[in-house]
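# give me a model of this one.
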Amino acid sequence: MEEMGKADTHTHTDYSGFNRLGPLRFPESVLSPEGQVDRARREGLSVLCVTDHNEVAGGFIAQKYAKQFDDIDVIVGDEVMTDQGEVIGLWLTEKPKKFLSPEETCDIIHEQGGLCIAPHPFSVHVDGMQEKIFELPLEGFETINGGHPDPYSNMFSKRIMDLYPGRWAEFSGSDAHSLYTAGYNWTEFPGNSEEDFRKAILHRKTLAKGVPAPVLGQVQWSMEVVWGGQKLMYKALRRKLEPVPDNALVEKILSNTDLKNATGIAMGFIYLFPLTSMLATLLSTAYLKNHAKKAMKHIDERIAKIQKLIAEIDARNGKAIAESAEEVKNDLEAGKIVLEQRL
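Numbering: from 1, shown residues only. A predicted model of the protein is given here:
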């Protein structure tokens, strides 16, 4: 039986910066790059992709740290925000600029020798590219995203993947910003090295495995980042927080006034109060179910529109290929005539 490796294709570290919820700002992750590597090894992963938001520094740190081990490879990636949603680049050498068009972003990734993946393409609550993915030169997209426990987002992605077998590689990424949301899902591939993994992507031999992390895990992650952010703000107040190159989270906290950091610490304690956390769990569950329920009503109609869109795209691409072939033929004929005249 062929050996199958396991890869987590979508993870975050404390180099992912911060996010905003209304007037509040909070860290995306407080897990170090080294911590992600240690976690991946404990779970028996053979490949780890570090894909921080709009940053590759954490990936390079994780890759350097992992070189001392012979049981895991780390791929440097980036979950890049385009002007129409997010795209993941893997095997990067430098970070792409954010807020470019998806087409420009994919070109930049491919020029580095990287591969392009669409994360959570049909998400009901974060920045997925939706139908835009069909117009892009993607190697694949996620059919399981660990941060989507709702009944729609991953299911619909899998439905589309199954309608077009072999067209894209399928991925299952934890989207883990925390240890609480890791280990529930992964991507399987023939082999056990990053070279094997890349080959499996290009030959469409990957398999999406596992299930999303539960809502409770997402809430535990939110509590972890609030507590971690509080500790960083407290260090800043004591003038003990040192700058870290390319770390947007530390940079932001150091740029805050003492009053803002003190307020952030106080607000954090309110969120960490057990009743508040329980309320967050209930509200999150209700929010996801409500949005998924609305999306479920239009599944058949949406699939029909997508099939029509892909047929139109394939027709355009086929015409472009035919025109290109005709141009080559004409160029060859012209060259043949010139050569005969010279002879």
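
# wait, Pro214 sits on Pro149?
Yes - counting by Cβ atoms under 8 Å, Pro149 is a contact partner of Pro214 at 6.0 Å. All C-beta spots, glycine's among them, are computed from the backbone N, C-alpha and C.

# these two: which is more packed in?
Between Pro214 and Pro149, counting by other Cβ atoms under 10 Å, Pro149 is the more crowded of the two (23 against 15).

# in three-state terms, label that one for me.
Taking DSSP: H, G, I helix; E, B strand; the rest coil as the rule, one finds Pro149 in the coil state.

# I'd say it and Asn185 touch.
No - if you go by Cβ under 8 Å, Pro149 and Asn185 don't touch, sitting 11.0 Å apart.

# what is in contact with the two at once?
212-213 (Cβ atoms under 8 Å, 6 or more residues apart in numbering).

# start to end distance for stretch 109-123?
23 Å (Cα to Cα, to the nearest Å).

# start the count at 35 instead of 1 going forward.
That works, and once the first residue is 35, the last one we named lands at stretch 143-157.

# just the buried positions in it, please.
By 16 or more other Cβ atoms under 10 Å, the buried positions in stretch 143-157 come out as 143, 146, 148-157.

# please enumerate the helices of the stretch 185-334 of the chain.
For the stretch 185-334 of the chain, the helices defined by DSSP state H, counting those that start in this stretch cover 187-197, 228-236, 249-271, 282-289, 292-306, 308-330, 333-376.

# how about stretch 121-132, which residues are buried there?
Those would be 121-126, 129-130, 132, for stretch 121-132 by 16+ other Cβ under 10 Å.

# mean confidence (pLDDT) on that stretch, please.
In this model, stretch 121-132 has an average pLDDT of 97.

# circling back to that earlier point, out of the helices of the stretch 185-334 of the chain, flag the one nearest Val114.
Evaluated with Cβ to Cβ, the helices of the stretch 185-334 of the chain place helix 282-289 nearest to Val114, the distance being 14.2 Å.

# now that closest one, how far from the chain's geometric center?
Relative to its parent chain, helix 282-289 has a centroid offset of 23 Å by Cα atoms, centre = their mean, to the nearest Å.
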